[in-house]
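Colleague: Okay, sequence plus prediction incoming.
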Amino acid sequence: QVQLVESGGGLVQTGGSLRLSCEASGRTFSTYAVAWFRQAPGKERDFVAAIRWSGSTTWSAGSVKGRFTITRDNAKNTVYLEMNSLKPEDTAVYYCAASGVDGAISNPGRYDYWGQGTQVTVSS
């Protein structure tokens, strides 16, 4: 089992920044990748970014490239999502997820463990 706890969400104005954190505990050695997804009301859960638990490979959705950066601190078992130049369309609940397998990194069905989510609201 892997437990994930997100933090760092909040209310920010357009153009502002936030940093989300995802702290992992439990059998983290079995983790292949950690990702951030987001879900706005009435919409599907969308892939935002992911990072390999070991190594430096990262993936990002086209809508956030150049604005969002995913990083990892192994010593703290924590993955971060640095979000800059935020837009109202970034408003959503952001979820952290962990996968133990390779491939289909943007498919939420590939992830076995999920955090409780953290709300991000960007005002216009």
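Modeller: It's in. Numbers count the residues shown, from 1 in each chain.
Colleague: Find the residue at the geometric middle of the protein.
Modeller: W36 (2.0 Å; C-alpha atoms, centre = their mean).
Colleague: contacting residues around the nearest residue to that one once chain neighbours are set aside?
Modeller: Using C-beta to C-beta, 6 or more residues apart in numbering and skipping residues adjacent in sequence, the residue nearest W36 is V48, 4.3 Å away. Just so you know, the C-beta spots here come from the backbone N, C-alpha and C atoms, and that holds for glycine as well. Going by C-beta atoms under 8 Å, 6 or more residues apart in numbering, V48 touches A35, W36, F37, R38, S60, A61, V64, F68, L81, Y94.
Colleague: neighbours around the nearest residue to Q119 once chain neighbours are set aside, how many?
Modeller: Distances taken as C-beta to C-beta, 6+ apart place G9 nearest to Q119, at 4.8 Å, with adjacent residues excluded. G9 has 19 neighbouring residues, counting by other C-beta atoms under 10 Å.
Colleague: same deal with I70?
Modeller: The burial count for I70: 21, using other C-beta under 10 Å.
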